[in-house]
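**Student:** next input, structure requested:
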Amino acid sequence: MDYEKKRTYRKFKQEQIPETVITEIMHNLRYAPSARNAQVLRYTIIENTEMKELVFSHIYFAAALPREIAVPKEDEKPMAYIVISKPDDNNPTAFVDMGIAAEIITAAAWEHGVGSCILMNINKTVLTRELNIPEGRTAAMVIAMGYPSHDSTVVTAENKENLKYTVDQDNNYYVPKLSEDELFKRF
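**Tutor:** Numbers count the residues shown, from 1 in each chain. Purely as a prediction, here's the structure:
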């Protein structure tokens, strides 16, 4: 896995993701580690056009970017979503499990050239209701997916106080990352 190329993507080609790819992603997800092996997360796959529009209207992209750059236009919208729901019991390990699940989903998707965007700035109440998520559970995370229509490139952070990414005139992203020396300590 080339993690330097597996970036967040927010704009997508309007090309359907094959069902076999979604099936493989979900198959891999079934084997995800889970705290206490409780397997508390559930997943809703959204591929239907009407349901994709519903989800799109209740998620919020890239708060650090101007809206005209951050929000996909009609011909850039995600081609599928995976909505992760968790129990309402405030079990802190559910959030750890969501992080693990999100990594498995995004990594398995990237193996097929499918980009993704992990979203937690979502209208949980509406999505929970409209997706018929069972009582006692809440939609907690959405992963938007599709074949990227732009590039996302890692650059070395010049200023560790400002790690905001930038976008060029072609809507390609440049994502500053701290150096290994700034991140890691060894003994």
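**Student:** need the contact partners of the one helix or strand in the chain whose mean pLDDT sits lowest.
**Tutor:** Ranked by mean pLDDT, DSSP states H and E, the helix or strand of the chain with the weakest confidence is helix 67-70, at a mean of 76. The contact list for helix 67-70 (CB atoms under 8 Å, 6 or more residues apart in numbering) reads Arg10, Phe61, Ala62, Ala63, Ala64, Val167, Asn171. All C-beta spots, glycine's among them, are computed from the backbone N, C-alpha and C.
**Student:** distance to Ala80 added to those residues, as JSON lines?
**Tutor:** Formatted as JSON lines, the contacts of helix 67-70 follow (distance: CB to CB, whole Å):
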{"residue": "Arg10", "distance to Ala80": "14"}
{"residue": "Phe61", "distance to Ala80": "16"}
{"residue": "Ala62", "distance to Ala80": "19"}
{"residue": "Ala63", "distance to Ala80": "23"}
{"residue": "Ala64", "distance to Ala80": "24"}
{"residue": "Val167", "distance to Ala80": "24"}
{"residue": "Asn171", "distance to Ala80": "21"}
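**Student:** highest neighbour count among those residues?
**Tutor:** Highest neighbour count within these: Arg10, with 27 neighbours (other CB atoms under 10 Å).
**Student:** the longest strand belonging to the chain: how far from the chain's middle?
**Tutor:** For the chain, the longest strand by residue count, based on DSSP state E, is strand 137-146. Taking CA atoms, centre = their mean, to the nearest Å, the mean C-alpha location of strand 137-146 is offset from the chain mean by 7 Å.
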